[in-house]
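Asker: task: produce atomic coordinates for the following.
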Amino acid sequence: MLVTKPKNYDQVPANKPIVDAIKAKKQDPSGAFVWTTYAAIQSLQAA
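Answerer: Below you'll find the predicted structure:
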């Protein structure tokens, strides 16, 4: 069985402020769904 994982957005230099904010909350920014959830919440807030 083949499974694809989302890109590691925590490794992108432009995301460093977000990674630091997540780490400040003592959470793991490298989870598979952290970044897609973050983007979804941003979209909902903008709507």
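
Asker: and the lowest-mean-pLDDT helix or strand in the chain, how far out from the chain middle?
Answerer: Sorted by mean pLDDT, DSSP states H and E, the helices and strands of the chain end with helix 34-46, the least confident at a mean of 89. Centroid separation for helix 34-46 versus its chain: 9 Å, with Cα atoms, centre = their mean, to the nearest Å.

Asker: so which bits of it are buried?
Answerer: Residues of helix 34-46 classed as buried: 34-35, 38 (neighbour count, 16 or more other Cβ atoms under 10 Å). (Each C-beta comes from the backbone N, C-alpha and C, glycine too.)

Asker: spatially nearest residue to the most centrally placed residue in the chain (excluding sequence neighbours)?
Answerer: Of all residues in the chain, the one closest to the mean position by Cα atoms, centre = their mean is Trp35, 2.3 Å from it. Setting aside the residues directly before and after it, Trp35 is nearest to Tyr9 in space (Cβ to Cβ, 6 or more residues apart in numbering), at 4.0 Å.

Asker: next, count neighbours for the one you found.
Answerer: 17 (other Cβ atoms under 10 Å).

Asker: for Ile41, see how far away it is.
Answerer: 14 Å (Cβ to Cβ, to the nearest Å).

Asker: what does Asn8 give?
Answerer: 19 Å.

Asker: check Val12 too.
Answerer: Counting by Cβ to Cβ, the gap from Val12 to Ile41 is 18 Å.

Asker: and if you look at Ala24?
Answerer: 17 Å.

Asker: let me know the helix or strand that the closest residue to Lys5 other than its chain neighbours is in.
Answerer: With Cβ to Cβ, 6+ apart as the criterion, Lys5 has its nearest non-adjacent residue at 5.8 Å, and that residue is Ala32. For Ala32, there is no host helix or strand (DSSP states H and E).
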